[in-house]
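In: sequence unknown, structure follows:
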């Protein structure tokens, strides 16, 4: 959070499936995603941001909410 570095950048490629590494999944209970927490360094705060594709403007739109958390050892 403090250095604003993208640890896992958005993967919004619509044609190359290998570039869709950040797409959410869903089931009957709602949306979900798997995040390998071992990629994150303990003692630091991180933030999750989400985007969605808005057909009316033909563009990816970032949601205004930021979900912050801290990794503890």
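Out: Sure thing, it's come through. The model shown is predicted, which means the values in this text are computed figures rather than measured ones.
In: Which stretches in this protein count as helices?
Out: Assigned by DSSP state H, the chain shows no helices.
In: Give the residue spans of it that score low on pLDDT.
Out: Counting by pLDDT under 70, the chain contains low-confidence ranges at 12-22.
In: What ranges does it have for its strands?
Out: 25-27, 30-32, 45-48, 51-54, 59-62, 67-70 (DSSP state E).
In: most neighbours per residue, which of these?
Out: strand 45-48 (a mean of 13; mean count of other CB atoms under 10 Å). Placement of C-beta: from N, CA and C, glycine included.
In: Quick one: list the elements packing against that one.
Out: strand 67-70 (3 or more CB pairs under 8 Å, 6 or more residues apart in numbering; DSSP states H and E).
In: List the contacts of the nearest residue to residue 60 once chain neighbours are set aside.
Out: Distances taken as CB to CB, 6 or more residues apart in numbering put residue 51 closest to residue 60, at 4.7 Å, once the chain neighbours are dropped. Neighbouring residues of residue 51 by CB atoms under 8 Å, 6 or more residues apart in numbering: 10, 12, 60, 61, 62, 63.
In: if we can go back for a sec, out of the strands of the chain, which gets nearest to residue 38?
Out: Nearest of these to residue 38, taken as CB to CB: strand 45-48 at 13.1 Å.
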